[in-house]
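[1] Give me the fold of what follows.
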Amino acid sequence: MPVRSDASISLPSRSVPRSVSRSVSRSVSASQHQIPGGGVGSVTLQDHQRTGQFFSDGQRKVDYVLVFHHCRHNSMKGSAHHHTPHPLNVISNGNLPPADPVRGAHREVCVDPSAEEGYLEEDPVEAEKVMIRDEFEAKLLEAGLEMERDTELRVYGPSFTRLHAPWSVLSREAEFLKIKVPTNKSYRVKEERGLSGSLSEFWRKMNQPFQPNIPQLDHSTKHLAHCFSRDKLHLYNIISKDTFFDNATRSRIVYEILRRTACTRTCQTMGITTLIAKEEKNDRQLLHDEWARYGAFYKYQPVDLIRKYFGEKIGLYFAWLGLYTQLLIPASIVGVFVFCYGCNTVDTNIPSQEMCDERQNFTMCPLCDRACDYWQLYSECGTARTSHLFDNPATVFFAIFMSVWVAMFLEQWKRHQITLNHSWDLTGLEDEEEHPRPKYQTILLQKKQKIRRNDKNNKKKIEPVQREEDVATGKDKWRQRLLSAMNPGISTGEEKLTWSDRLPGYLINISSIIFMFGLTFSVVFGMIVYRIVLSTVLAMSPDPQTKSNVRVTVTATAVTINLVVILILDEIYGAVAAWLTELEIPRTEKDFEERLILKAFFLKFVNAYAPIFYVAFFKGRFAGRPGDYVYVFNDYRMEECAPGGCLIELCIQLSIIMVGKQLIQNNIFEIGIPKLKKLMRACKDKGISLEEREDQQTRHQQWNLDYSLVPFDGLTPEYMEMIIQFGFVSLFVASFPLAPLFALINNVIEIRLDAKKFVTELRRPDSVRTKDIGIWYNILSGMGKFSVIINAFVISFTSGFIPRMVYQYMYSPTGTMHGFVDHSLSYFNISDFPSGTAPTSSKLSNVTFCRYRDYREPPWSADAYQFSKAYWAVLAARLAFVILFQNLVMFLGLLVAWMISDVPKDISEQLKREKKMLVDVFLREEKEKLHLVQTLFSKNHPSQGQPDSGRFRTIHPGLTQSLRQAQDGEEVGGTKGIRRAASFSQFTRQMCMSPSNDSARHTAV
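    Down below sits the predicted model:
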């Protein structure tokens, strides 16, 4: 497949030397202009030449594309308008202008070289940029890359320079990077037999309609993989040097060269971003047809093709997302069953029936002071029935199931990751040495310059003192050495930034994070005040329908407003986290990414879950009781939970934030923002001149089209979306069993949305080799352990499960739930209301006592309004359940981890088999080399006879060098006999040319 490595780098514009420009004008029919050194050419596509992702010769692949910007200046515009160019200056890739002046398919507006040279002389800044670019390209040529650029001399806009890595560069860099490649040695993977084999074959046939329609890899045969070495070319399965390294590897190799190619004028490594090019039925087209379509939502992802095209890092992300989505299917099914169980048992639930029974006549205390009236409990019948849908005995089972599901998901991912590592030859991949970030190098350079200046100042101060001493006698020379050693300006080791250099950044980080946490808590407090005020206003409404729906209305509106604030703060926190990470001055990109991830995660975690934590664990806990309420601003009472508990409000809060965040932020933003940017570019293009518009229409090459795509910003936003969603699914799933179902629906859309974005909306990212998902796995593991504690406390303290169980088994006369509502409500004598807090008017007459939700002693008791024995019994049962739940889930998690091994059995056997086969291959090669040495020795020294294999033997000094040269000169397509003949001839020639001197021989074992 032709490569689609269309990376871009924004560098200053460059003027073409006058000699090259004149040669273009004189020789317009030449197909290509070669610059001495064989590295750079310019494009002149003929009709018969191969187009697409190749050089103009149709043979060399385009492995990378550099983009250089040409700024349009007033002086250039003037020269273009007033200067009459030579007719041959209007060219199309070195050809004559088209005959049809109206169509002008390949018209390029050029400028006279003298005009550009004059402009560069007038603008020294642009001249400096030209020199920087020349130096950068020269170093790329020195590294062995080949270049090709358009022959047009552009005045403005982007110009493209194509890069090609020849075999010598690819093999050299592959050896340096220790890239694993397939060898000639292969074996057949052991197939399953018997019942397991039949089941596997049946499962494959069932899954066939869901597989993407792409060429499938042959998994029945496995080639041994080994790190590439130029000395062992005959061991590798090299069918063609042009296709031996896949496109992602070729792009990665070129990127490594670009990344370490430094420009001495800027003292830093140039940054590279990538573009995407398109060619019919290449890897990108296959991904678009079989992966990046919403119509393919039921198919598996082509993970191997994703890895081949985008690299291992992005391949692992989509593999992780695919596994996460697949495992959401059983969680969604169980969650739906739990919800259906609640729907089927709501009519037989005794506490709900008692709350809806008007004959029970539970008169409840007012919801606010003075303006609110007493109310009947049956008015909350709808809330009680809805609460049972999510707060039922099956919820406890579902919480345990989801905690085990989290452990199973993490173990399954470890297995799947190891399988992918083996399949992608990532086993034993070592961490590559990373280059320092440009900003780190810049600050380090400033520090070195400051040290040098201090060194010069200190030296000037020390020199007069040294002249006064008797240096000529030589007695105090050690003092001079001591002074020079104590001089802080002289550093013998490698300079680096210390904690003192980063201290201002650390202080700003700590203060900013504390401020943003405070901002988040302030928003939560603002929502509390809003709910209290709105509850008071709605409770005073004369409409009975409004009064009956106070809690639902207040919760829904407050959560909607909170959702909008969360979305706004998410964007702010993401930008602030990046800014704070820059202040820390991380040395490498890996350090920068990890620190950015941690900051963004903690900020967004607190932002998304702070209101949910408040409803789950704090709402109603500090409200007080009638006659002794807690007030906000001395006027408004703290809000209380509904008589059925706060779980239904927690469910509403969680569902609105989760669904709204996924719908708005994850989908609408990802779809709408790229469309909006494209629309803005289209509107911007309407303002350009007709000449520029015709010039843009003529750029039909793919790199021109893909240059307008959005740059790739990394995988951190993609992972962050899923991690926050994973928290919704795992942390508070006991309150909302349908959360896995909504997450599954979102992920099915998210996979295809991300696929479409990566293939059509973003520039192609650089290929990065990695064997895991990095710090994200640690975050997932931490959230999985945290979810056990959260679900235990949600069931114990937020739901009514524990109070119901305590009543049924300790206080119920019949052992049933009859009388539970009356048991859970306490009495309050209305005469104990403080003055000014009792209702001013009431529609209910003869009210002596009102009820409220709590376990307290009645007013006729000696310990009136104190916590009753039932309160302490329920509290003890809640704490006991938390301990029991945590230990049970932890045990089940350890059991799942023990049952699911990290390394699959078949992969473990294949690794052992491959290791044994690799040892056999190298032993056989060493034996062949030893046999070759013995044969050559016997031919050159026939009088000495055959040497004894158990003794020392003498080897000619040119033997090692000749063998190495013979191996370097081996061709892949040749046979062993031809390679041995070449080795014999080279060794014979060297032996004849070298003097026969016994003292020059070396003894070897």
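[2] CA atoms for contacts and neighbours, from now on please.
    Fine.
[3] Show me where the stretch 151-300 of the chain has its helices.
    167-177, 194-207, 247-260, 283-290 (DSSP state H, counting those that start in this stretch).
[4] pLDDT on the shortest one, on average?
    Across helix 283-290, pLDDT averages out at 82.
[5] What of the first one?
    For helix 167-177, the mean per-residue pLDDT is 86.
[6] Same question for stretch 502-509.
    When pLDDT is averaged along stretch 502-509, the result is 87.
[7] wait, residue 735 sits on residue 389?
    No - at 9.9 Å, residue 735 and residue 389 do not qualify as touching, with contact defined as Cα atoms under 8 Å.
[8] And the two? Which one has more around it.
    residue 735 (31 against 23; other Cα atoms under 10 Å).
[9] residue contacts, that one?
    By Cα atoms under 8 Å, 6 or more residues apart in numbering, the contact set of residue 735 is 390, 391, 395, 647, 648, 650, 651, 794.
[10] How far does stretch 735-746 sit from its chain's centre?
    23 Å (Cα atoms, centre = their mean, to the nearest Å).
[11] same check, this time on stretch 332-351
    The chain centroid and the centroid of stretch 332-351 are separated by 38 Å, computed with Cα atoms, centre = their mean.
[12] So that it lines up with my notes, have the first residue be 339 from now on.
    Happy to do that; since the first residue is 339 now, the last one works out to stretch 670-689.
[13] mind listing what's buried in it?
    For stretch 670-689, the neighbour count (16 or more other Cα atoms under 10 Å) marks 670, 672-677, 679-680, 684, 687-689 as buried.
[14] Could you list the low-confidence segments of the stretch 839-988 of the chain?
    Applying pLDDT under 70 to the stretch 839-988 of the chain flags residues 882, 885-886.
[15] Kindly report the same for the stretch 689-838 of the chain.
    For the stretch 689-838 of the chain, the stretches flagged by pLDDT under 70 are 769-771, 798-833.
[16] now the strands: where do they sit in it?
    Assigned by DSSP state E, counting those that start in this stretch, the stretch 689-838 of the chain shows strands spanning 701-702, 713-714.
[17] Need the residues that contact the first one.
    I take that to be strand 701-702. 712, 713, 714, 715, 1187, 1188, 1189, 1190.
[18] follow-up on the earlier one: would you turn the helices of the stretch 489-638 of the chain into JSON lines with distance to residue 1065?
    Below are those laid out as JSON lines (distance: least, Cα to Cα, whole Å):
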{"stretch": "helix 505-515", "distance to residue 1065": "38"}
{"stretch": "helix 532-545", "distance to residue 1065": "31"}
{"stretch": "helix 585-598", "distance to residue 1065": "34"}
{"stretch": "helix 621-628", "distance to residue 1065": "30"}
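[19] Identify, out of those, the most deeply packed stretch.
    helix 585-598 (a mean of 22; mean count of other Cα atoms under 10 Å).
[20] That helix packs against which elements?
    strand 402-408, helix 505-515, helix 641-648 (3 or more Cα pairs under 8 Å, 6 or more residues apart in numbering; DSSP states H and E).
[21] change it to 10 Å
    Helix 585-598 sits against strand 344-346, strand 402-408, helix 462-480, strand 495-502, helix 505-515, strand 606-607, strand 611-613, helix 641-648, with contacts defined as 3 or more Cα pairs under 10 Å, 6 or more residues apart in numbering; DSSP states H and E.
[22] Go through this structure and flag its longest helix.
    Ranked by residue count and defined by DSSP state H, the top helix of the chain is helix 837-877.
[23] any idea how far that one is from the chain center?
    Here helix 837-877 is found 27 Å from its chain centre; the criterion is Cα atoms, centre = their mean.
[24] repeat for stretch 916-923
    For stretch 916-923, the distance to the chain centre is 18 Å (Cα atoms, centre = their mean).
[25] just stretch 1195-1212 next, same as before
    55 Å.
[26] Output that stretch as PDB, restricted to C-alpha atoms.
    Extracted in PDB, the C-alpha atoms of stretch 1195-1212 (Å, rounded to 0.1, in the frame of the first residue of the first chain):
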ATOM      1  CA  GLU A1195     -37.400  10.000  70.800                       C
ATOM      2  CA  PRO A1196     -41.000  11.300  70.800                       C
ATOM      3  CA  PRO A1197     -41.800  14.600  72.700                       C
ATOM      4  CA  TRP A1198     -43.500  12.700  75.500                       C
ATOM      5  CA  SER A1199     -40.300  10.800  76.300                       C
ATOM      6  CA  ALA A1200     -37.800  11.800  79.000                       C
ATOM      7  CA  ASP A1201     -35.100  12.300  76.400                       C
ATOM      8  CA  ALA A1202     -37.300  14.200  73.900                       C
ATOM      9  CA  TYR A1203     -35.900  14.700  70.400                       C
ATOM     10  CA  GLN A1204     -32.700  12.800  71.200                       C
ATOM     11  CA  PHE A1205     -31.500  10.000  69.000                       C
ATOM     12  CA  SER A1206     -33.400   6.800  69.700                       C
ATOM     13  CA  LYS A1207     -32.000   3.200  70.100                       C
ATOM     14  CA  ALA A1208     -33.200   2.500  66.500                       C
ATOM     15  CA  TYR A1209     -30.900   5.200  65.200                       C
ATOM     16  CA  TRP A1210     -27.900   3.600  66.800                       C
ATOM     17  CA  ALA A1211     -28.900   0.100  65.700                       C
ATOM     18  CA  VAL A1212     -29.300   1.400  62.100                       C
END
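[27] hmm, who's touching that stretch?
    Stretch 1195-1212 has contacts (Cα atoms under 10 Å, 6 or more residues apart in numbering) with 963-966, 1134-1135, 1140-1145, 1148-1149, 1161-1162, 1164-1167, 1170, 1187, 1192-1194, 1213-1216, 1218.
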